[in-house]
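Undergrad: After the sequence you'll find the predicted model.
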Amino acid sequence: MDEIFWTKKRTWFPLLVCTLLLLPVSAPAAVINDPSYPLPLRQALSLASDKILSNHPRQALTILTPLFKLYADYTVVFTVAGMAYGKSGQNAQAVEMEKRALILDPHNISARISLGIAYGNTGHYRKEVQEEHIALSREPGNEVAWQALGWAYGSLGQWKEARLAEKKAVALQPGDVNARMVLGLAFAHEGFLQEALIMEKSAQRMAPFDEGVKRSITYIKQTLKPPVLGTSNQKNGFNPLLAPTRGTLEDSASPGPSQQLPPSPVKAPSALR
């Protein structure tokens, strides 16, 4: 069965990872080759998913947009379109697509997790927490939902909750670099700096060039051994997870007083997981 996956976070949010499309085994899957689908729909979904996974989400949207009317009763169309919008950085549209998917199928775990991630990528972390909790109430072993939840809690500065969520994610999927990164930051913010550095180093061994991991290690090292006074622009409460801008939807959760990173990767786990 062909599947496309949602990897949380994010430039489709400013996430931990700029790449939203990964293929982890534990990720929530949007099934695109269900035999019950009409053949033209399966073919279009397959082509669109290939475009998303090859980093051409706008081409995917060109394929998907005509399907909104032709196959308006198929939740998978809007689920995948939400992923494409997210991958292209159009997060408000991603929110709307995943909402449409959930109207058709409120039990669609892929759409639920993706909606949460889209909320997080627009700075609405409390809404993300709500959506990921709903997903986990229905599928407690979903690693991607735990990872997304940890990122959202970390973005809110609720580091104990972030730590507990990411520990669940790492236990379910030890190879999840993003979960290890956020877990390391949670350790650091709770004062366990050596444990934090060990966790980040384990993430770096898996992904040597990941910018989010590099930033996290730099932050932890500077906390362990602060630079000479006046040489750092970091302030108390620095939160490496936060994006440089807040969301624009209603009821935006205020990120708070944390020093924010300059525009560059840094927002959690995924999009086509």
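TA: All right, it came through fine. Computed from a predicted model, the values in this text were never measured in an experiment.

Undergrad: From now on I want contacts and neighbour counts done on CA atoms only, so please keep to that.
TA: Fine.

Undergrad: Pull out the buried positions in the helix or strand hosting residue 212.
TA: Using DSSP states H and E, residue 212 sits in helix 211-224. Judged by neighbour count (16 or more other Cα atoms under 10 Å), helix 211-224 contains these buried residues: 211, 212, 213, 214, 215, 216, 217, 219, 220, 221, 223.

Undergrad: any idea which of the residues you listed is closest to residue 205?
TA: Nearest to residue 205 among those: residue 213, at 10.1 Å, using Cα to Cα.

Undergrad: quick one: the helix or strand containing residue 98 to chain centroid distance?
TA: In the assignment (DSSP H and E), residue 98 maps to helix 91-104. Here the centre of helix 91-104 is set off from its chain's centre by 16 Å, with Cα atoms, centre = their mean, to the nearest Å.

Undergrad: on that earlier part again, now the buried residues of helix 211-224 as a markdown table including distance to residue 80 and pLDDT?
TA: Below are the buried residues of helix 211-224 laid out as a markdown table (distance: Cα to Cα, whole Å; pLDDT from 0 to 100):
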| residue | distance to residue 80 | pLDDT |
| --- | --- | --- |
| 211 | 27 | 90 |
| 212 | 26 | 89 |
| 213 | 28 | 92 |
| 214 | 31 | 92 |
| 215 | 31 | 90 |
| 216 | 31 | 91 |
| 217 | 34 | 93 |
| 219 | 36 | 88 |
| 220 | 37 | 90 |
| 221 | 40 | 90 |
| 223 | 41 | 84 |
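
Undergrad: any chance you could map the strands in this protein?
TA: 3-9, 29-31, 270-272 (DSSP state E).

Undergrad: quick one: buried residues of stretch 198-212?
TA: Neighbour-count burial for stretch 198-212 [16+ other Cα under 10 Å]: 199, 200, 201, 202, 203, 204, 207, 210, 211, 212.

Undergrad: go on, stretch 70-89?
TA: 74-89.

Undergrad: Out of those residues, flag the one nearest to residue 41.
TA: Closest approach between these and residue 41, by Cα to Cα: residue 77, at 8.7 Å.

Undergrad: so the closest one touches residue 69, yeah?
TA: No - counting by Cα atoms under 8 Å, residue 77 sits too far from residue 69 to count as a contact (10.1 Å).

Undergrad: For the chain, give me the ranges with low pLDDT.
TA: 1-30, 226-238, 243-273 (pLDDT under 70).

Undergrad: Where do the helices of it begin and end?
TA: In the chain, the segments counted as helices under DSSP state H are 39-53, 57-64, 67-70, 75-87, 91-104, 109-121, 125-138, 143-155, 159-172, 177-189, 193-206, 211-224.

Undergrad: Could you check how far the closest residue to residue 164 other than its chain neighbours is from residue 186?
TA: Once flanking residues are discounted, residue 164 sits nearest to residue 150: 7.6 Å by Cα to Cα, 6 or more residues apart in numbering. According to Cα to Cα, to the nearest Å, residue 150 stands 9 Å off from residue 186.

Undergrad: Neighbour count for the two, which is higher?
TA: The neighbour count for residue 150 versus residue 186, taken as other Cα atoms under 10 Å, is higher for residue 150 (33 against 28).

Undergrad: who are the neighbours in contact with that one?
TA: Neighbour list for residue 150: 161, 162, 163, 164, 165, 166, 179, 182, 183 [criterion: Cα atoms under 8 Å, 6 or more residues apart in numbering].

Undergrad: mind checking how far it is from residue 138?
TA: As judged by Cα to Cα, residue 150 and residue 138 stand 18 Å apart.

Undergrad: Likewise for residue 66?
TA: 32 Å.

Undergrad: Residue 154 now?
TA: 23 Å.

Undergrad: For those two, indicate the residue with more neighbours.
TA: Counted by other Cα under 10 Å, residue 154 and residue 138 do not tie: residue 154 has more neighbours, with 29 against 12.

Undergrad: That one contacts residue 181, doesn't it?
TA: No - Residue 154 is not in contact with residue 181 according to Cα under 8 Å; the separation is 11.0 Å.
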